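K.L.:
I would like the atomic coordinates for the input below:
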Amino acid sequence: MAKAPKSTPETGDRVVLRGRGNTGTLSSVNANLWARVDWDDDGPKFCHLHELAKAD
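P.N.:
This next block holds a predicted model:
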């Protein structure tokens, strides 16, 4: 299995979508590493945890 990228967020952290710049709050993560994010601009959305990084 691949190693998790640096700055992988945890539930409740402010996050940024890698390569896109969208920001939001990480709501939850399931066992398959799919994350629910409450984006600042859009609504709740699912993406893979490794697509996210902690926001500065």
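K.L.:
any low-confidence regions in the chain?
P.N.:
By pLDDT under 70, the low-scoring segments of the chain are 1.
K.L.:
Tell me where it has strands.
P.N.:
14-17, 23-29, 34-39, 44-48, 52-54 (DSSP state E).
K.L.:
Could you point out which of the ones you listed sits nearest Ser7?
P.N.:
strand 52-54 (4.6 Å; Cβ to Cβ). In short, each C-beta sits where N, CA and C put it, glycine included.
K.L.:
which helices and strands does that closest one pack with?
P.N.:
strand 14-17 (3 or more Cβ pairs under 8 Å, 6 or more residues apart in numbering; DSSP states H and E).
K.L.:
okay, now Met5: neighbour count?
P.N.:
In this structure residue 5 is Pro, not Met. 12 (other Cβ atoms under 10 Å).
K.L.:
what's the distance between it and Asp42?
P.N.:
In this view, Pro5 and Asp42 are 23 Å apart by Cβ to Cβ, to the nearest Å.
K.L.:
One more: Glu51?
P.N.:
For Glu51, the distance to Asp42 - Cβ to Cβ - is 15 Å.
K.L.:
who has more neighbours, those two?
P.N.:
Glu51 (16 against 10).
K.L.:
JSON lines please, covering the strands of the chain and showing mean neighbour count.
P.N.:
As requested, the strands of the chain are exported to JSON lines (neighbours: other Cβ atoms under 10 Å):
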{"stretch": "strand 14-17", "mean neighbour count": "18"}
{"stretch": "strand 23-29", "mean neighbour count": "17"}
{"stretch": "strand 34-39", "mean neighbour count": "17"}
{"stretch": "strand 44-48", "mean neighbour count": "13"}
{"stretch": "strand 52-54", "mean neighbour count": "18"}
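K.L.:
list the contacts for Asp40?
P.N.:
22-24 (Cβ atoms under 8 Å, 6 or more residues apart in numbering).
K.L.:
Repeat that for Asp42.
P.N.:
Contacts of Asp42 by Cβ under 8 Å, 6+ apart are Asn22.
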